[in-house]
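Q: Got a predicted model here, sequence first, then my questions.
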Amino acid sequence: MQTTKSIYQCILIATLYILLIISFCLPFRLLFPPNILGTHIDLDALCWDQWFTKKCITELNFSQLWHTDFIAYPHGTNLFLDHGPPFWECISIPFQLILPFPSSHTFLVIFILLLNAFSFFILAKYLYKHIPLAFLAGILGSINPYTIYHINAGRPQQIAIFWAPLFMLYLLKTKQQPNIKNTIITSVILILTALSYWYYSMFLIIFMILFLFYSYFLHATKREKLILTKNICLVLFFFGLSILLLFGYPVIVKGLYPQGYSAIRPFPSFQEIVSKNTSVCFSHMLLCTSFGAYYPLLLILIINIISFLNLKFFKKNILWITAADLFYILSLGPYVGIFNKIIPSPLFMACYYLPTFSRFWWPINYFILSTTCSIVIIISFIYDLSHYKRLRTIVSIFLSFSYLVLFYNIQYNSPPSLQPLPPSKHPKFNFSSLKIPQLRIGFRFSRLRVPHPVYIYLKDQENGAVIELPFELEKVLFLNNQRTHKKNTFNHPGYGHDEESLLWPEEQIQLLKNNLFLRYVDEVCKHYSRTTAKKITPRQYTPQGIKKALEELHNLGFNYIVVNPAYTSRYFEENSLLENLVKFLPAPFKEYPDNLKLYRIDNLIEVN
């Protein structure tokens, strides 16, 4: 009877959370095509990942999930290691089978937000046995600036912060109810966290070590210390074994490595960091931080003020307060400015002396643990306000209502949430735009572009790989187009990046250099590139040499060249760029009113 009551209670709570989340997506037409939740350029890559994973699994072509030549044709690229395990892509498949694209992505995000809310609810309910307070914790965990920032950026793996409260819940159970069941569940959660987003799993391991020290010095008896140490070692053993089995096959047996990860590069010196004289590899670490962001600073100030005003409360919540402060400090980035002086932060020390930390390129992500612990502290503070359950309930309902009203006001009294995805005209991608203070907090929708007729035409043509020109600078619109034409493509994300060699497969770079036609278009693109400091003047090429190069490409399986003006948004002198790209090509096979040109390589060989 009690179990049935709990099930109905969970269903009711989940239903309320779904209704609250959907209430931020009004009018309802935003939930359906061609609208998609999110406005960032990452959406093109995200949608391609989801579509391609579904394609591989429904066609039973599982090997393509490891290494595919669908992009970077003919040599291919290591998707599993470079893009990470396709965890959320696999979870998205039922949504893609039931719903039309891009509604499948929108409802996937809603599902993740529901998991966020419900996981915070069950953690708070376990700690304080008070349903209204637990419901407030779920609202705080699901609707907050950190998750909304990643929703708008189109990053399901970073939206999914529910792993943290789930892991903390079973870590507490492992201490309070030490048995193999809780140990295994804790291990499984940590493994799934790594598959979802490996940053979060590393942060949880740090929290677990902090939890072990907390138990050793404050609350555990000698026997409890030994049992907890044994269980935590088992969790780490199961985690390490699973990761070894998962990645051992491609790395040890097949000899595959993530591009650019074969060696850990030394972290730059403090002088290089302050002068911003560092490689692009570290740009995210320098700029994507919580330093100067108002929301993280305000949250940390609140939880520290309410903690230090009550010594008994501070002692009771010392683990959560310590973790919240530690991860906030790490989220500040490698240096901080105090009284007009720049000093190294603890994160700089960790990155400099422990190179593994330098792989956590987004310091703002440390704030997930700070957010989780802060929510626990806030709920604990409300719980301790009174011994009367009714008063706690009134306060919980009032705060839930006030918090939602605040976010509704932000959502519906700010500029329209429906935004197109226009091509950017910025000379270079501005990493500082990723900081939380520069972003509107409300949910933002965008309208996907209608596929160009040329890609619909290519879909119905015989097999043959496609070369899309000009090569896109730091954008991946070609992936969105590939979902329409469904043919292999030479292109690969990361062209024109300052460390292009770390992003493009080595074999693809060699083909780019060795084939005369590809080398020519590469030099033309670099000549007009906004990201290239020194312009490259194209060398002298001959029609005969270009014809021979086209024959080589045709023998490799290429048969289509698309010159698309939509890819020129980050180039200088777009018209001159397009003219020079087709300098050695005769009349196109098809030409469209927007100046897009389609060439067939077999025709070009015959004409030349």
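A: Here it is on my side, so go on.
Q: Could you check how far Pro102 is from Gln157?
A: From Pro102 across to Gln157, the span is 18 Å (CB to CB, to the nearest Å). Yep, even glycine has a C-beta here, placed from its N, CA and C like the rest.
Q: er, Tyr541 I mean
A: From Tyr541 to Gln157 the distance is 44 Å (CB to CB).
Q: Can you name the residues that contact the residue most central in space within the chain?
A: The residue lying closest to the centre of the chain (CA atoms, centre = their mean) is Arg155, at 3.9 Å. Applying CB atoms under 8 Å, 6 or more residues apart in numbering, we find Arg155 in contact with Asp42, Leu46.
Q: so Thr183 touches Leu234, yeah?
A: Yes: Thr183 is in contact with Leu234 according to CB atoms under 8 Å; the separation is 5.2 Å.
Q: if you skip the residues just before and after it, what's nearest to Pro34?
A: What sits nearest to Pro34 in space, not counting adjacent residues and going by CB to CB, 6 or more residues apart in numbering, is Leu448, at 4.8 Å.
Q: Could you count how many residues lie near the one you found?
A: Per other CB atoms under 10 Å, the neighbour tally for Leu448 reads 18.
Q: Need the pLDDT of it.
A: In this model, Leu448 is scored at 82, pLDDT.
Q: and if you look at the one 5 residues further on?
A: According to the per-residue confidence, Pro453 scores 93 in pLDDT.
Q: Could you find the closest non-adjacent residue to it?
A: Tyr592 (6.7 Å).
Q: which one of Thr183 and Leu234 has more residues nearby?
A: Set Thr183 next to Leu234 and count neighbours by other CB under 10 Å: Thr183 wins out with 21 against 16.
Q: so which helix or strand takes in the more buried one?
A: Assigned by DSSP states H and E, Thr183 belongs to helix 180-196.
Q: What mean pLDDT does that helix get?
A: Here the average pLDDT along helix 180-196 is 93.
Q: List the contacts of that helix.
A: For helix 180-196, using CB under 8 Å, 6+ apart, the contacting residues are 85, 87-88, 157, 160, 163, 166-167, 170-171, 173-174, 200-201, 204-205, 231, 234-235, 238-239, 242-243, 246.
Q: mind checking how far Gly442 is from Leu37?
A: Gly442 sits 11 Å away from Leu37, going by CB to CB.
Q: before we move on, back to that, ok, and what's touching the next helix-or-strand element following the helix holding Thr183?
A: The helix or strand immediately downstream of helix 180-196 is helix 198-214, counting by DSSP H and E. Residues from elsewhere that reach helix 198-214 (CB under 8 Å, 6+ apart): 84, 160-161, 163-164, 167-168, 171, 175, 190-191, 193-194, 228-229, 232, 235-236, 239, 318-319, 322-323, 326-327, 360, 362, 365-366, 368-369.
Q: got the contact list for the closest residue to Ile397 other than its chain neighbours?
A: Leaving aside its chain neighbours, Ile397 sits nearest to Pro132 (6.0 Å; criterion: CB to CB, 6+ apart). Contact analysis of Pro132 by CB under 8 Å, 6+ apart lists Arg392, Thr393, Ser396, Ile397, Ser400.
Q: one more time with 6 Å
A: By CB atoms under 6 Å, 6 or more residues apart in numbering, Pro132 lies in contact with Thr393, Ser396, Ile397.
Q: can you check Tyr216 too?
A: Lys225.
Q: all numbers from here: first residue = 18
A: With 18 as the first residue, the last one maps to Tyr233.
Q: where exactly do the helices run in the stretch 318-467 of the chain?
A: Assigned by DSSP state H, counting those that start in this stretch, the stretch 318-467 of the chain shows helices spanning 328-333, 335-348, 363-370, 384-401, 406-429.
Q: Out of the ones you listed, which is the most enclosed?
A: The highest mean neighbour count among the helices of the stretch 318-467 of the chain, using mean count of other CB atoms under 10 Å, belongs to helix 384-401: a mean of 24.
Q: Which other helices and strands does it contact?
A: If contacts are counted by 3 or more CB pairs under 6 Å, 6 or more residues apart in numbering; DSSP states H and E, helix 384-401 sits against helix 148-159, helix 180-193, helix 311-325, helix 335-348.
Q: Report the distance from that helix to the chain centre.
A: 25 Å (CA atoms, centre = their mean, to the nearest Å).
Q: try stretch 331-351
A: Relative to its chain's centre, stretch 331-351 lies at 24 Å (CA atoms, centre = their mean).
Q: ditto for stretch 71-81
A: Mean-position distance between stretch 71-81 and its chain equals 23 Å (CA atoms, centre = their mean).
Q: Same question for that stretch: list its buried residues.
A: Buried residues in stretch 71-81, defined by neighbour count with 16 or more other CB atoms under 10 Å: Lys71, Lys72, Cys73, Ile74, Gln81.
Q: measure the second one to Asn480 for me?
A: Put plainly, it is Lys72. According to CB to CB, Lys72 and Asn480 sit 16 Å apart.
Q: Then the third one?
A: Relative to Asn480, Cys73 is positioned 18 Å away (CB to CB).
Q: And for the last one?
A: According to CB to CB, Gln81 and Asn480 sit 16 Å apart.
Q: Then the first one?
A: As for Lys71, its distance to Asn480 is 21 Å (criterion: CB to CB).
Q: Nearest residue to Asn169 in space, please, no chain neighbours.
A: Arg461 (4.7 Å).
Q: In terms of neighbours, single out the busier of Pro119 and Gln174.
A: Neighbours per residue (other CB under 10 Å) separate Pro119 from Gln174, with Pro119 holding more: 25 against 19.
Q: Help me confirm that the more buried one comes into contact with Ile53.
A: Yes: between Pro119 and Ile53 there is a contact under CB atoms under 6 Å: 3.9 Å.
Q: Mutual contacts of those two, please.
A: Leu465.
Q: Show me the contact partners of the helix or strand that contains Lys530.
A: Assessed by DSSP H and E, Lys530 sits inside helix 523-531. With contact meaning CB under 6 Å, 6+ apart, helix 523-531 is reached by Ala89, His92, Leu535, Arg536, Asp539.
Q: Distance check, the nearest residue to Leu615 once chain neighbours are set aside against Tyr345.
A: Spatial nearest neighbour of Leu615, excluding adjacent residues (CB to CB, 6+ apart): Lys607 at 4.2 Å. Applying CB to CB, the value for Lys607 to Tyr345 is 56 Å.
Q: now do Leu183
A: For Leu183, the distance to Tyr345 (CB to CB) stands at 21 Å.
Q: before we move on, could you check phi and psi at the residue nearest to Pro470?
A: Main-chain torsions, Tyr609, degrees, to the nearest 10: phi -110, psi 160.
Q: per-residue pLDDT, it?
A: Value for Tyr609, per-residue pLDDT: 94.
Q: again with Gly277
A: Reading off the model, Gly277 has pLDDT 47.
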